[in-house]
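[1] A structural model of the following input is requested.
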Amino acid sequence: MEAYKEYFPTKSYRIAEMRLSSLLRNERDRLDRIAADLGRDFAIASDNLREQLPQILAFTKSYHAAYDQYLKAVLVQQPHPIQCRPACGNCCHHYPMSVEPFELISMYSELRKRDDLLSLMEACQMRSDKFESFFEARKAVGLSEDEAEDGALHDYFSWWHSCPFSNAVGDCTIYPLRTVSCRMYFSETDPKFCTPEMLQTEMNDSYIVYMPDVVEDAVYGISEHYSALDLPESFFGGLLALNGYEGVLGE
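    Below you'll find the predicted structure:
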């Protein structure tokens with residue numbers, strides 16, 4: 001899988017980058033003020049999570065919209081057309097990592113309204129446990145933490161169990177809520193090549209659309225304000241951790 005990081009600074013690209021930067025700067029300033037008023041290094045914790053939830057939801061929605069505009073400016077610069085299409089879902093067999101805490105909170109706030117929340121959490125637990133078993137097995141043979149994680153991610157994909165939010169035909173049932181980790185993954189080759197046996201061959205040309213470093217740094221600064229919640233960066237682990245805040249989130 002290749003990562004294309006350099007893009008032409010077209011007008012649409014610059015506008016999208018500026019929109020992302022402005023949005024993130026305003027949110028960082030807002031969280032800095034909250035932290036200062038509370039006399040601590042972080043803005044969001046269990047004592048004000050419910051109070052801040054409306055602002056978190058609004059920001060996350062704007063962040064996703066701004067990232068989608070950035071994608072539009074970037075994808076037209078790719079050398080070949082995107083082959084991703086509805087009811088594919090092959091990439092939904094990966095183990096999503098690097099999910100931001102505000103994204104997890106926004107998604108969980110919607111999931112907790114569903115009647116099948118318990119079964120969804122059980123499905124997340126099963127996948128989280130499976131990844132951990134792959135990770136520990138890789139470490140047991142002497143790999144470093146980073147090497148073990150990379151190996152476990154490959155092992156998990158080869159395990160070939162789809163995301164619990166992917167339906168029988170391969171469509172995402174929470175598509176508007178999906179995280180940037182899910183939004184950033186694309187392929188220029190047919191979905192039939194987005195499989196474990198083909199992923200690292202010349203037949204597959206999939207890649208991740210990263211944001212500019214300055215934007216990534218801004219996202220990191222915002223996420224640091226959620227450190228007191230101690231949410232894992234993994235998609236399934238993060239949702240499970242939020243399930244422990246049910247009493248805080250209220251009705």
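[2] contact partners for residue 68?
    Listed by CB atoms under 8 Å, 6 or more residues apart in numbering, the contact partners of residue 68 are residue 183. (C-beta placed from N, C-alpha, C; glycine too.)
[3] now do the helices in the stretch 151-251 of the chain.
    Assigned by DSSP state H, counting those that start in this stretch, the stretch 151-251 of the chain shows helices spanning 180-183, 213-224, 235-243, 246-249.
[4] what does the last one contact?
    What that stands for is helix 246-249. The contact list for helix 246-249, computed with CB under 8 Å, 6+ apart, reads 46, 49-50, 53, 109, 112.
[5] repeat for the first one
    With contacts defined as CB under 8 Å, 6+ apart, helix 180-183 is touched by 63-64, 67-68, 71, 91-92, 96-100, 103, 172, 235.
[6] check the second one too.
    Counting contacts by CB under 8 Å, 6+ apart, the residues outside helix 213-224 that touch it are 17, 20-21, 24-25, 27-28, 31, 42, 100-102, 210-211.
[7] residue 76: which of these is nearest?
    Within the contacts of helix 213-224, the smallest distance to residue 76 is 14.8 Å, found for residue 17 (CB to CB).
[8] number of residues surrounding that closest one?
    Using other CB atoms under 10 Å, residue 17 is surrounded by 21 other residues.
[9] again with residue 181
    Residue 181: 18 surrounding residues under other CB under 10 Å.
[10] and the pLDDT at residue 4?
    At residue 4, the pLDDT value in this model is 47.
[11] please apply the same query to the one 4 residues further on.
    At residue 8, the predicted lDDT confidence score is 84.
[12] now do residue 109
    96.
[13] what residues are up against it?
    Contact analysis of residue 109 by CB under 8 Å, 6+ apart lists 53, 57, 249.
[14] now, among these, which is nearest to residue 194?
    Nearest to residue 194 among these, with distances taken as CB to CB, is residue 57, at 31.7 Å.
[15] spatially nearest residue to that closest one, not counting backbone neighbours?
    Of all residues not flanking residue 57 in the chain, residue 106 sits nearest, at 5.3 Å (CB to CB, 6 or more residues apart in numbering).
[16] what strand or helix carries the one you found?
    Residue 106 belongs to helix 101-111 when assigned by DSSP states H and E.
[17] related to what we said a few turns ago, from the contacts of residue 109, list just the buried residues.
    The neighbour-count criterion (16 or more other CB atoms under 10 Å) marks 53, 249 among those as buried.
[18] now the helices of the stretch 151-251 of the chain in a markdown table, with mean pLDDT and distance to residue 10?
    Converted to a markdown table, these look like this (pLDDT from 0 to 100; distance: least, CB to CB, whole Å):
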| stretch | mean pLDDT | distance to residue 10 |
| --- | --- | --- |
| helix 180-183 | 95 | 20 |
| helix 213-224 | 96 | 16 |
| helix 235-243 | 97 | 32 |
| helix 246-249 | 90 | 42 |
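[19] which intervals of this structure have sub-threshold pLDDT?
    Scanning the chain for pLDDT under 70 picks out the ranges 1-6, 251.
[20] show me where this protein has its strands.
    Ranges of strands within the chain are 185-187, 206-208, based on DSSP state E.
[21] okay, the contacts of helix 246-249 in CSV with distance to residue 187 next?
    Shown next, in CSV, are those (distance: CB to CB, whole Å):
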residue, distance to residue 187
46, 40
49, 37
50, 40
53, 35
109, 31
112, 33
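[22] for the residues you listed, which one is nearest residue 36?
    Nearest member of the contacts of helix 246-249 to residue 36, counting by CB to CB, is residue 49, at 18.3 Å.
[23] can I assume the closest one is in contact with residue 226?
    No. Using CB atoms under 8 Å, residue 49 is not in contact with residue 226, being 9.1 Å away.
[24] which outside residues touch stretch 119-126?
    Identification of contacts with stretch 119-126 by CB under 8 Å, 6+ apart yields 111, 114, 164-165, 236-237, 239-240, 243.
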